[in-house]
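Engineer: Predicted structure and sequence below. I'll ask about it afterward.
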Amino acid sequence: MGAVPDVLAPGLRAIFCGINPGRASAEAGAHFANPRNDFWRLLADAGFTQRPLDPSEQLSLLDHGYGLTNAARRTTRGSGELRSADFAGAAGRLERIAFALRPLVIGFVGKEAYRGTFGERPELGFQQRRLWDTLLFVLPSTSPANAAVPYAERLRWFRDLHRLLEPHDRPAVRALVLDAEDRLLLVRFVSPGGRTWWATLGGAIESGESDEEALRRELAEEAGLRDFELGPCVWTREHVFVWQRVVRQRERYYLVRVDGHEVAPEIDLVPEGVHEHRWWAFEDLEATADELAPRRLPALLRDLLERGAPADPIDAGV
């Protein structure tokens, strides 16, 4: 642990990664504590916070959905004093943070933070590299040493990151396809960043479609399932995630009962991240260590099987 502790939590919208602690930050035990550093003012002016926070208020940044860390831990008078050894392990540490905490984006505050971490020179803005499903974005340095770059130019990049974090709204429908033995049909997703999980069949509602039209199209495409009676909407779910961009998906889950079905997709599902189908017995769902979506799927399914469809859809959580 360096002189300035990380400010981190699960599920943040973005983590800002500085280059390393300066003297003022080390003395204050707070990030970007030099009074001539524009970081906190840029956050406010770009819309991340309602006002410029004082470095001593850094923990309150978590309440806004943002965190703080540094690429290098050693305190120096300026980043020019850093050596490649100071960044040893930085990429692995940030990868572990991305895997465990699942921020939508890591914003590197200064090109040197990114270059020191990955050993390559970036351009400002969105990067093609990602850490698991976390997107990477490079901002201009906010240090007074970067004062030659006009404030308006730095603010433009901070606003670009703020816009990147604005989710694209995506209404969707999903099906709880249960057979005569109460086995549930799930598909295995693999995200662009390599994360895997099991989820129910379904997808986005296209323009002009009703829920039933969208669900019938999705079940035909994903499983070759056409002959079924659509049951009631039993769950709802809203979650924000990263695919090719940040998405806020609002899902409605419908019960679909079938005697049995041999899965035969009608389209290539790999471009959509679907790599496998499986009928799951309830006890296997309860015992699996694989990730499920929603996370409470076994408990929700048990309640549905024991009590039947609810009068009003239940919030399934994330």
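Structural biologist: Received it, and whenever you're ready, just let me know what you need.

Engineer: The longest strand seen in the chain: partners in the sheet, and parallel or antiparallel?
Structural biologist: Longest strand in the chain by number of residues, with DSSP state E as the criterion: strand 229-242. If you go by DSSP bridges, strand 229-242 pairs up with strand 246-257 (antiparallel), strand 314-315 (parallel).

Engineer: Give the buried residues for that strand.
Structural biologist: Going by neighbour count (16 or more other C-beta atoms under 10 Å), the buried part of strand 229-242 is L230, C233, V234, W235, R237, H239, F241, V242. For the C-beta atoms, the positions are set from N, CA and C on the backbone; glycine is no exception.

Engineer: one step back: what would the strands paired with strand 229-242 look like in a markdown table with distance to G125?
Structural biologist: Output for those, formatted as a markdown table (distance: least, C-beta to C-beta, whole Å):
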| stretch | distance to G125 |
| --- | --- |
| strand 246-257 | 15 |
| strand 314-315 | 37 |
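
Engineer: Most tightly packed of these?
Structural biologist: strand 246-257 (a mean of 19; mean count of other C-beta atoms under 10 Å).

Engineer: Could you tell me the average pLDDT over it, please?
Structural biologist: In this model, strand 246-257 has a mean pLDDT of 97.

Engineer: Counting by contacts, list what the next helix or strand along the chain from it packs against.
Structural biologist: Per DSSP states H and E, strand 246-257 leads on to strand 274-280 as the next helix or strand towards the C-terminus. Here strand 274-280 touches strand 184-190, going by 3 or more C-beta pairs under 8 Å, 6 or more residues apart in numbering; DSSP states H and E.

Engineer: Compute the inter-axis angle for the strand it packs on and strand 246-257.
Structural biologist: Calculated by axes from the mean of the first three to the mean of the last three C-alpha atoms, to 10 degrees, strand 184-190 forms an angle of 160 degrees with strand 246-257.

Engineer: Just the angle for strand 184-190 relative to strand 274-280, thanks.
Structural biologist: Using the same axes, to 10 degrees: strand 184-190 against strand 274-280 is 150 degrees.

Engineer: for the strands paired with strand 229-242, which one sits closest to G22?
Structural biologist: G22 lies closest to strand 246-257 among those, at 31.2 Å (C-beta to C-beta).

Engineer: buried sites along stretch 88-107?
Structural biologist: Judged by neighbour count using 16+ other C-beta under 10 Å, the buried positions of stretch 88-107 are A90, A91, L94, I97, A98, R102, P103, L104, V105, I106, G107.

Engineer: Max pairwise distance over those residues: which two?
Structural biologist: Spanning the widest gap among these are A90 and L104, at 20.1 Å by C-beta to C-beta.

Engineer: Show me the contact partners of the helix or strand encompassing G92.
Structural biologist: Taking DSSP H and E as the definition, G92 sits inside helix 90-101. Residues outside helix 90-101 that contact it (C-beta atoms under 8 Å, 6 or more residues apart in numbering) are 8-12, 15, 17, 67, 69, 71-72, 103, 106, 116-118, 131-134.

Engineer: Which residues are in contact with Q249?
Structural biologist: Listed by C-beta under 8 Å, 6+ apart, the contact set of Q249 reads R170, P171, A172, A204, R237, E238, H239, V240, F241.

Engineer: okay, those residues in a markdown table with pLDDT next?
Structural biologist: Output for those, formatted as a markdown table (pLDDT from 0 to 100):
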| residue | pLDDT |
| --- | --- |
| R170 | 96 |
| P171 | 97 |
| A172 | 98 |
| A204 | 96 |
| R237 | 98 |
| E238 | 97 |
| H239 | 95 |
| V240 | 93 |
| F241 | 91 |
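
Engineer: what's the residue nearest to I205 when sequence neighbours are not counted sitting at in phi/psi?
Structural biologist: Spatial nearest neighbour of I205, chain neighbours left out: A214 (4.3 Å); criterion: C-beta to C-beta, 6 or more residues apart in numbering. When quoted as degrees, to the nearest 10, the phi and psi of A214 stand at phi -60, psi -40.

Engineer: Check the one 4 residues further on too.
Structural biologist: The main-chain torsion angles of E218 are listed as degrees, to the nearest 10 and equal phi -60, psi -40.
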